[in-house]
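Participant: sequence plus the predicted model coming up.
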Amino acid sequence: MTLHTAVAEAAKKAGARLLAIHSPDARPADRAGMATAVRHNDAVALDGLRAELTAARPGAGWVEEEHETTELPPGEWWAVDAVEGNVNHVHGLAEWAVSVTLLRDGEPVLAVVHQPIGDLTYTAARGEGAWLDGAPLRVSAKRDLDAAIATTGQAEPGQERTYRRIGESVTAMLGRALLVRVSVPSTFPLLLLANGQNDVFWQYEPVLSGIAAGVLLATEAGAVATRIDGSPWRPGSPDLLVTAPALHEAAVTALSTVD
């Protein structure tokens with residue numbers, strides 16, 4: 001069994017466990033109820049997933065909370081969001097997934113995102129392309145930002161400066177793009193970008209497990225990924241911009257007014 005196959009099977013098993021406890025009628029009454037459900041989902045998804053990934057790559061580390069916004073040490077690391085879109089799951093929505101990325105010396109090299117509702121599996125390998133259920137993905141061919149669908153999202157709570165920049169950047173992009181969306185979690189707009197259905201994605205203070213898979217999928221489908229000012233992006237960078245190639249310069253310009 002190849003590493004890619006082993007990772008995809010592990011993600012699908014975790015997704016099946018989550019699907020078994022998903023209810024489209026779920027409506028948590030308060031934040032405490034949401035937190036309890038989120039913790040339960042994490043436990044259900046990680047039961048088996050971590051062990052299977054460790055068995056598949058025994059020498060790889062595991063990205064913990066302290067690594068999410070800092071540069072990783074050399075070597076191989078698993079960046080895993082066992083329930084990407086956990087809040088969506090506990091509210092009965094469909095946009096949640098199991099996201100797994102292997103990073104090597106600070107670069108994403110393998111990614112699997114499995115969305116149980118719809119039974120969709122996105123895969124990518126560095127230098128080998130990106131696929132949805134075996135069909136190749138390709139980013140948009142749009143050349144003008146005024147025809148683009150652009151998306152951003154909130155990463156973590158308690159970041160007042162980031163909230164301000166999100167608001168200002170949405171305002172800046174509203175004046176340039178055709179349509180602007182604010183979405184949680186980050187993976188889904190990046191999947192849509194990889195599939196040519198979105199055109200621009202940016203985020204301030206992203207967490208690595210929320211963007212690593214999407215970055216690899218999008219870039220292997222032909223996208224450009226940098227920091228928001230156009231400088232090189234690496235895991236741990238404090239912001240991210242991913243675009244269809246012809247839109248990158250215009251997106252950098254549009255967001256350059258936000259400090």
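Facilitator: Received it, and whenever you're ready, just let me know what you need. Numbers count the residues shown, from 1 in each chain.

Participant: residue boundaries of the strands in the stretch 51-200 of the chain?
Facilitator: 61-62, 76-84, 97-104, 107-115, 120-125, 129-132, 135-136, 149-152, 179-182, 200-204 (DSSP state E, counting those that start in this stretch).

Participant: lowest-pLDDT helix or strand in this protein?
Facilitator: Counting by mean pLDDT, DSSP states H and E, the chain has its least confident helix or strand at helix 160-174, which shows a mean of 91.

Participant: tell me which residues of it are tucked away?
Facilitator: By 16 or more other Cβ atoms under 10 Å, the buried positions in helix 160-174 come out as Thr162, Arg165, Ile166, Ser169, Val170, Ala172, Met173. For every residue, glycine as well, the C-beta is placed using N, CA and C.

Participant: now those residues in CSV, with distance to Ala20?
Facilitator: Below are those laid out as CSV (distance: Cβ to Cβ, whole Å):
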residue, distance to Ala20
Thr162, 35
Arg165, 39
Ile166, 35
Ser169, 39
Val170, 37
Ala172, 43
Met173, 39
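
Participant: which residues sit against the least confident helix or strand of the chain?
Facilitator: Under the contact criterion Cβ atoms under 8 Å, 6 or more residues apart in numbering, helix 160-174 has outside partners 150, 152, 154-156, 180, 182, 200, 202, 204-205, 251, 254-255, 257-259.

Participant: so the residue of the chain most remote from its centre is in which element?
Facilitator: The centre of the chain is farthest from one residue, Ala29, which by Cα atoms, centre = their mean lies 27.5 Å away. Using DSSP states H and E, Ala29 maps to neither a helix nor a strand.

Participant: how much space between the most centrally placed residue in the chain and Val207?
Facilitator: Nearest to the geometric centre of the chain sits Thr187, at 2.7 Å (Cα atoms, centre = their mean). Computed as Cβ to Cβ, to the nearest Å, the Thr187 to Val207 distance reads 11 Å.
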